[in-house]
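Engineer: Here is the input, now give the coordinates:
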Amino acid sequence: MQSSNRLFDDVARMFTDAAGAAQGVRREAETLLKGQAERLIRDMDIATREEVDVLRDLVAALRSQNDALAARVSALEARLGPDAGMAGSTESV
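Structural biologist: Residues are numbered from 1 along each chain as shown. Below is the predicted model of the structure:
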């Protein structure tokens, strides 16, 4: 009876050790994969969120400026008359 309990204790200890080893292997694999993924992303030269935010703000400012300039050009063309914008383009041909 006592040898049977000892056998069960040894088997339980072996399973516990195996589970701990499996968790260690899992952690090592996750660390390795995370490092590889970070290196791959760094090598791909992907823009950071901060860089994208700055570019978004710059594009919005440029779009606003472009709209303002288009409105000024339209106003100037309207003051010069309907054929004023076309006169310069026909002379160059």
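Engineer: now R42: how far from Q36?
Structural biologist: Per C-beta to C-beta, to the nearest Å, R42 is found 11 Å from Q36. No exception for glycine: its C-beta is placed from N, CA and C like everyone else's.
Engineer: Now do the helices in this protein.
Structural biologist: Counting by DSSP state H, the chain has helices at residues 2-43, 49-80, 84-91.
Engineer: so how many other residues sit close to E77?
Structural biologist: E77 has 14 neighbouring residues, counting by other C-beta atoms under 10 Å.
Engineer: re earlier: of all the helices of the chain, which has the lowest average per-residue confidence?
Structural biologist: For these, the bottom mean pLDDT is recorded on helix 84-91, which sits at a mean of 54.
Engineer: Outline the domain layout of the protein.
Structural biologist: Domain ranges of the chain: 1-46, 47-93, per automatic domain parsing.
Engineer: how many neighbours does the nearest residue to A47 once chain neighbours are set aside have?
Structural biologist: The shortest distance from A47 to any non-neighbouring residue, by C-beta to C-beta, 6 or more residues apart in numbering, is to L55 (7.7 Å). By other C-beta under 10 Å, the residues close to L55 number 11.
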